[in-house]
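[1] Output the structure for:
(one chain, ligands or ions: 1)
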Amino acid sequence: MPGFELFGAEERKEVNDVLETGILMRYGFDGPRQGIWKAKELEQAITEVFGCKYAQLTSSGTAALTTAMAALGIGAGDEVIMPSFTFVASFEAVLSVGAIPVLVDIDETLTLNPSAVRAAITPKTKCVMPVHMCGSMADLDALKQICNEHRLILLEDACQSIGASYKGRSLGTIGDAGTFSFDFVKTITCAEGGVVMTNNEDVYRKSDGYTDHGHDHLGVDRGADLHPFIGYNYRISELHAAVGLAQIRKLGTFLGLQKKNNKALRAYLEQIPEVSFRIVPEGGDDSCSFLSWFLPTEELTRAVVAEMKEQGILAGNFYWFVNNWHYISKWDHLKNAVTLSALSDVQREALLRLKETAFPASDAIMSRCISSAISLVWTEEQIREKGEKMVAAIRKVLQANK
Ligand SMILES: *Cc1c(COP(=O)(O)O)cnc(C)c1O
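    Sure, this is the predicted structure:
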């Protein structure tokens, strides 16, 4: 899964370039920085590697989502339709701009079910935000169709699917804007960081200013910049960008290893007719950072998880259904609207309504799903051992429940 597994001399070299000059900030100091602009270089590389017109780095993936929403004009009282299965950052960003997260069911793509999206549209809906979980994607053609019909914004949370594509285009570059996270466990890491990608110059300009206190970045003297709107500080540092620059150059290697190792592990699980796999929409190319698979029932899945735990082979296998961070069933802080400072009334009421909302269709999928994280550094021998042990654990449970 993560680029940190192959951290090495390339990353150290890029970071050292920055340490040599001591200019750790991405803007200004044109003389002393001696031509070292790691953040700018990484933004350029992102536009080339992923095929988008503009890229704005941020301090995190969460900051990238917040920035994208602000730049797209999503704010107070606007409803953002998003999936019940994601990472908490997705709804944190929605709340941060004053908008309302409207959670809806997923399907076996492990993200937004287009019919559930359609059913959730109200006059307040402003945006549809698929979250391309665990390396693969939503049915983007269906979602685009819905957005076109209802004049809604399509914002892709592609934080977990760096390097995956849909019909030849990189995830994160297909909607009005898209984001990646470069936190420590993502496919490429900056230690902490994120990016907003877009093909819309206006969205890019706004993202650029928003992440730097509203600076227009038009002059050479930061102090003389104008501030056409209010922004925040979501800047990335040169040190973080330097790490990312080395990592993006290795992305092809990471993806090659992920695909190879994913395929090898999958071949073991395919031996079991009761195991099925996550649906990748037609035209989709999974980044293979995870292998997500299903058992026929919740009962069997819980038993397999228990058996794998018992055998000490559960590490790296995620049963999201009971995970504190990724599925609505465990988000009591959200459903009880537990915040440190007051929310707006509409936000608070919307969150409290979530407590009364059931997600049987999502439960039916997530309760049967296990995602196995794919390591970049597994040896063939390790994959064989892992595969054989997993197959044996699953067969044992299936046999006992015949
Ligand atoms: C990691 C992640 C984020 C947020 O990224 P950070 O860089 O950790 O803030 C947002 N959405 C999803 C789906 C993620 O997995």
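[2] for the ligand, what are the nearby residues on the stretch 1-150 of the chain?
    Residues of the stretch 1-150 of the chain lying close to the ligand (Cβ under 6 Å from any ligand atom) are 60-62, 86-87, 89-90, 131. The way it works is simple: take the backbone N, C-alpha and C, and place the C-beta from them, glycine included.
[3] Residue of the stretch 51-200 of the chain closest to the ligand, please.
    Distances between the stretch 51-200 of the chain and the ligand by Cβ to the nearest ligand atom are smallest at Gly61, namely 2.5 Å.
[4] Please report phi then psi for whichever residue of the stretch 201-350 of the chain sits closest to the ligand.
    The ligand sits closest to His326 of the stretch 201-350 of the chain, with a gap of 8.4 Å, by Cβ to the nearest ligand atom. Main-chain dihedrals, His326, degrees, to the nearest 10: phi -120, psi -10.
[5] Surely it and Pro83 touch.
    No: with contact defined as Cβ atoms under 8 Å, His326 and Pro83 do not form a contacting pair (10.5 Å).
[6] higher neighbour count, those two?
    Taking other Cβ atoms under 10 Å, His326 and Pro83 do not tie; Pro83 has more neighbours (29 against 21).
[7] In the sheet, which residues pair with the more buried one? Tell me.
    Counting by DSSP bridges, Pro83 forms beta bridges with Val104.
[8] That one and Leu112, how far apart?
    In this view, Pro83 and Leu112 are 5 Å apart by Cβ to Cβ, to the nearest Å.
[9] Touching both of the two, which residues are there?
    Common neighbours of Pro83 and Leu112, using Cβ atoms under 8 Å, 6 or more residues apart in numbering, are 104, 106, 130-131.
[10] Among these, which ones are in strands?
    Applying DSSP state E to these, the entries found in strands are Val104.
[11] List buried members of the shared contacts of Pro83 and Leu112 by neighbour count.
    Those of the shared contacts of Pro83 and Leu112 that meet the buried threshold are 104, 106, 130-131, by 16 or more other Cβ atoms under 10 Å.
[12] Residue ranges in this structure under the pLDDT threshold?
    Residue ranges of the chain with pLDDT under 70: 1.
[13] Helices along that one, start to end?
    9-21, 38-50, 61-71, 89-96, 114-120, 140-150, 201-210, 238-249, 251-269, 298-310, 332-335, 345-354, 360-366, 380-400 (DSSP state H).
[14] So which residues make contact with the last one?
    The reference is to helix 380-400. The contact list for helix 380-400 (Cβ under 8 Å, 6+ apart) reads 261, 264-265, 267-269, 271-272, 274-275, 295, 300, 303-304, 307-308, 311, 313, 317, 372, 378.
[15] Next, the buried residues of it.
    Of all the residues in helix 380-400, those buried under the rule 16+ other Cβ under 10 Å are 383, 386-387, 390-391, 393-394, 397-398.
[16] And for stretch 313-325?
    By 16+ other Cβ under 10 Å, the buried positions in stretch 313-325 come out as 313-314, 317-321.
[17] Export the residues you listed as CSV, with columns for distance to Gly73.
    CSV is the format used below for the buried residues of stretch 313-325 (distance: Cβ to Cβ, whole Å):
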residue, distance to Gly73
Ile313, 48
Leu314, 44
Asn317, 41
Phe318, 35
Tyr319, 38
Trp320, 32
Phe321, 35
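[18] what does the stretch 151-300 of the chain put close to the ligand?
    Contact residues, the stretch 151-300 of the chain versus the ligand (Cβ under 6 Å from any ligand atom): 157, 159-160, 181, 183, 194.
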